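K.L.:
no sequence for this one, just the structure:
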């Protein structure tokens, strides 16, 4: 059984990681250990590089917190070009996989508050009245009328980031 450390305690992210690992390696093939670690970037990362740096930092910190795992996984959400997206970083003892998620364009009224210094999650909670929306369906669920969810979009990115771990051509 694969020991997988999730570098977050966010249920939407943990669900995405578990679903992706089980889809690639088989149902019941892994155990997820969630650990809250720092990203080393602002609460609301801006741009692709800062967001990816946050995910990479979380993996480093998760490895230090739980060094005996088989995989360490981080998902960092950010804002880039008026859209929200995330970077997924996965490491094993010998490999790294990274993938960027799909992007969701954000409305001007939301971006205005985020540009003023507020993080997207709290802004979306104020806008929708849904407490801790970032731990649930997120802006993605709200603005796609539930057709997509935050966890579902993360799931796709985790699947992509897992590609180097089960395809010999990457080695």
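P.N.:
That came through fine. None of these values were measured; they are calculated from a predicted model. Numbers count the residues shown, from 1 in each chain.
K.L.:
and the strands in the chain?
P.N.:
With DSSP state E as the criterion, the chain has strands at 2-6, 30-34, 71-80, 83-91, 96-100, 104-105.
K.L.:
return the most buried member of the ones you listed.
P.N.:
strand 71-80 (a mean of 26; mean count of other Cβ atoms under 10 Å). (C-beta placed from N, C-alpha, C; glycine too.)
K.L.:
can you give me the angle that one makes with strand 83-91?
P.N.:
Here the directions of strand 71-80 and strand 83-91 differ by 160 degrees (axes from the mean of the first three to the mean of the last three Cα atoms, to 10 degrees).
K.L.:
strand 71-80 to strand 2-6, inter-axis angle?
P.N.:
Strand 71-80 and strand 2-6 meet at an angle of 30 degrees, taking the same axes, to 10 degrees as the criterion.
K.L.:
hang on, the earlier thing: I'd like the strands of the chain laid out as TSV, including distance to residue 137 and mean pLDDT.
P.N.:
As requested, the strands of the chain are arranged in TSV below (distance: least, Cβ to Cβ, whole Å; pLDDT from 0 to 100):
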stretch	distance to residue 137	mean pLDDT
strand 2-6	19	97
strand 30-34	19	95
strand 71-80	13	97
strand 83-91	13	97
strand 96-100	20	98
strand 104-105	12	96
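K.L.:
with distance to residue 65 as added columns, please give these in JSON lines.
P.N.:
Formatted as JSON lines, the strands of the chain follow (distance: least, Cβ to Cβ, whole Å):
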{"stretch": "strand 2-6", "distance to residue 65": "7"}
{"stretch": "strand 30-34", "distance to residue 65": "9"}
{"stretch": "strand 71-80", "distance to residue 65": "9"}
{"stretch": "strand 83-91", "distance to residue 65": "13"}
{"stretch": "strand 96-100", "distance to residue 65": "18"}
{"stretch": "strand 104-105", "distance to residue 65": "31"}
